[in-house]
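K.L.:
I'll drop the sequence and a predicted model, then ask my questions.
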Amino acid sequence: MEGLELIAFQIISAVGTARSCYIEAIQAAKTGEYEDAKKLIAEGDEAFVEGHDAHAGLLQQEAAGTGSTVNLLILHAEDQLMSAEGFKTIAQEFIDVYQRLDAEKEA
């Protein structure tokens, strides 16, 4: 595996890890483990940046006129990138809701 395929798999792997961290963050918040949830969001962000940077490199190549043909694997990688970004937003919202619910229980 080389070139475009390798970059696509780097993106897919990195953002898959990010998405998993975001889901685990929701699960941690569900049990009241907010510090763990915060750490998992941060861990997910680190993985997401790896995937985003790889994708940005492809965009720079395209802008310079040296990009490769878009193939189904790259489209899948971009889909996974966007999915992970959406999961982060959802995770942050869930964490906020769980914190509010716990605060109401304590009041």
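P.N.:
Structure's in. What do you need?
K.L.:
so for the helix or strand containing Tyr22, mean pLDDT?
P.N.:
Using DSSP states H and E, Tyr22 falls within helix 3-30. Confidence over helix 3-30 (mean pLDDT, whole number) is 96.
K.L.:
so which bits of it are buried?
P.N.:
Buried residues in helix 3-30, counted by 16 or more other Cβ atoms under 10 Å: 4, 7-8, 10-26, 28-29. The C-beta positions use only the backbone N, C-alpha and C, and glycine is treated the same way.
K.L.:
for the longest helix along the chain, buried residues please.
P.N.:
Scanning the chain for the longest helix, with DSSP state H as the assignment, gives helix 72-106. Going by neighbour count (16+ other Cβ under 10 Å), the buried part of helix 72-106 is 74, 77-78, 80-81, 84-85, 87-88, 91-92, 94-95, 98.
K.L.:
tell me which strands and helices it is in contact with?
P.N.:
helix 3-30, helix 34-63 (3 or more Cβ pairs under 8 Å, 6 or more residues apart in numbering; DSSP states H and E).
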